[in-house]
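1. sequence isn't available, so here's the structure alone:
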Ligand SMILES: [Zn+2]
């Protein structure tokens, strides 16, 4: 996803939190700082001479059938009912996959695995920042501490210069949104060469999405928020109509016990991988030895092509917003629990 799309996802998640009655202090932390924190939503893709963790291929989960087939470890098999039943993220993909009859039980019963290096594993990146955020939130400066529920006995031992400022916390929340959003992008979760960024479909799909957002989210002036923040949130909400998405009906809450950002990101990526198998069927693009490219105009042309593109766009962007808001709420509520 490009910069405009990542920025929209984080802004739309703030609007959703506000609309769905999310914690007022969390909204009070993020909303006034949306302009200064927006760069965070894009930071994980940036590489420069001073090297941070940013690089597009450094947060992926590109799955393929696991070598060894049926004899492979069962933990790499996620049968449809089991996957859809256990996950809290990706409500739109869950509903779509639930109703789908095209992916066979044979497809669902195979083991699929991705093999990124541990530091480049998208769920590790998301969980790493989620855990760091909890730690940063408990050592906040006066302003941040007043927003975070509960009290911390050792706060007085932290040197004032080492305390977290609200702007820093907001930036990290936005950075987390990047990893969460990428797990909702089907091409990021499928190891076939035709899903690569330069192989046609992937880049074109992302371009199509940023076009749907409208001009206000494109261009460099987004960071300066030439429009007032309230206006930007109105623009962010207006995108829903183009997507035919009912984002405001969603209620992002904290994750059920036993679930965390890591497990949810893994399962969101598995749902995205399943969606990719519907967008680009194995029959035309086998997992092994298939064509190296897939053209956007071919994939989404012919009978049902346009409708599929609309569905996929609605699902991926809705889920990116919901999952981001749910991860934020989960972190916030866990910090507040003794
Ligand atoms: Zn990325």
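-> Ah, there it is. Being a predicted model, the structure only gives us computed values, none of them experimental.
2. which helix or strand contains residue 306?
-> helix 305-336 (DSSP states H and E).
3. what are the phi and psi values at the nearest residue to residue 110 once chain neighbours are set aside?
-> Counting by C-beta to C-beta, 6 or more residues apart in numbering, residue 110 lies nearest to residue 65, which is 5.6 Å off, once chain neighbours are set aside. Heads up, the C-betas are built off the backbone N, CA and C, glycines and all. Dihedral angles of residue 65 (phi, psi; degrees, to the nearest 10) stand at phi -60, psi 140.
4. per-residue pLDDT, residue 65?
-> Each residue has a pLDDT score; the one for residue 65 is 91.
5. that older thread, for the helix holding residue 306, packing partners?
-> Applying 3 or more C-beta pairs under 8 Å, 6 or more residues apart in numbering; DSSP states H and E, we find helix 305-336 packed against helix 3-19, helix 24-30, helix 91-99, helix 122-138, helix 166-182, helix 201-213, helix 229-243, helix 261-279.
6. could you rerun that using 6 Å?
-> Here helix 305-336 touches helix 3-19, helix 91-99, helix 122-138, helix 166-182, going by 3 or more C-beta pairs under 6 Å, 6 or more residues apart in numbering; DSSP states H and E.
7. out of those helices, which gets nearest to residue 188?
-> helix 166-182 (5.0 Å; C-beta to C-beta).
8. what mean pLDDT does the closest one have?
-> The model assigns helix 166-182 a mean pLDDT of 97.
9. buried residues, it. List them.
-> Neighbour counts over helix 166-182 (16 or more other C-beta atoms under 10 Å) mark 166, 168-182 as buried.
10. do the same with stretch 204-221
-> 204-206, 209-210, 212-213, 216-218.
11. which ones are touching the residue nearest the centre of the chain?
-> Centroid-nearest residue in the chain: residue 181, 1.8 Å away (criterion: C-alpha atoms, centre = their mean). Residue 181 makes contact with 9, 320 under the criterion C-beta atoms under 6 Å, 6 or more residues apart in numbering.
12. picking up where we left off before, run the angle between the helix holding residue 306 and helix 3-19 for me.
-> Interaxial angle, helix 305-336 versus helix 3-19 (axes from the mean of the first three to the mean of the last three C-alpha atoms, to 10 degrees): 60 degrees.
13. which positions in the stretch 151-300 of the chain make contact with the ion?
-> Contacts of the stretch 151-300 of the chain with the ion, taken as C-beta under 5 Å from the ion, map to residue 182.
14. give me the below-cutoff pLDDT ranges for the stretch 151-300 of the chain.
-> 219-226 (pLDDT under 70).
15. pick out the residue of it closest to the ion.
-> For the stretch 151-300 of the chain and the ion, the shortest gap (C-beta to the ion) falls at residue 182, measuring 4.5 Å.
16. how many other residues sit next to the closest residue to that residue other than its chain neighbours?
-> Excluding the flanking residues, the one nearest residue 182 by C-beta to C-beta, 6+ apart is residue 188, at 5.0 Å. Residues within reach of residue 188, counting by other C-beta atoms under 10 Å, total 24.
17. equivalent analysis for residue 294, please.
-> Count around residue 294 with other C-beta under 10 Å applied: 24.
18. next: residue 304.
-> 10.
19. can you list the helices and strands that whichever strand or helix holds residue 145 packs against?
-> When elements are assigned from DSSP H and E, residue 145 belongs to helix 142-147. Other helices and strands packing on helix 142-147, by 3+ C-beta pairs under 6 Å, 6+ apart, are helix 166-182.
20. can you give me the angle the helix it packs on makes with helix 305-336?
-> Relative orientation of helix 166-182 and helix 305-336, computed by the same axes, to 10 degrees: 140 degrees.
21. quick check: angle from helix 166-182 to helix 122-138?
-> 160 degrees.
22. in space, what's closest to residue 29 - neighbours in sequence excluded?
-> Residue nearest to residue 29 in three dimensions, not counting chain neighbours: residue 147, with 5.2 Å by C-beta to C-beta, 6+ apart.
23. so how many other residues sit close to the one you found?
-> 18.
24. which pLDDT value goes with it?
-> Value listed for residue 147 in the pLDDT field: 96.
25. check the contact between it and residue 27; I expect there is one.
-> No - under the criterion of C-beta atoms under 6 Å, residue 147 is not in contact with residue 27, lying 9.8 Å apart.
26. picking up where we left off before, who are the contact partners of the residue nearest to residue 110?
-> 110, 112, 287 are the contacts of residue 65 under C-beta under 6 Å, 6+ apart.
27. against residue 277, how distant is it?
-> Relative to residue 277, residue 65 is positioned 11 Å away (C-beta to C-beta, to the nearest Å).
28. same deal with residue 84?
-> Applying C-beta to C-beta to residue 84 and residue 277 gives a distance of 15 Å.
29. with neighbour numbers in mind, choose between those two.
-> Between residue 84 and residue 277, counting by other C-beta under 10 Å, residue 277 is the more crowded of the two (21 against 18).
30. which ones are touching the more buried one?
-> Residue 277 neighbours (C-beta under 6 Å, 6+ apart): residue 103.
31. can we see that at 8 Å?
-> With contact taken as C-beta atoms under 8 Å, 6 or more residues apart in numbering, residue 277 is in contact with 103, 107, 190.
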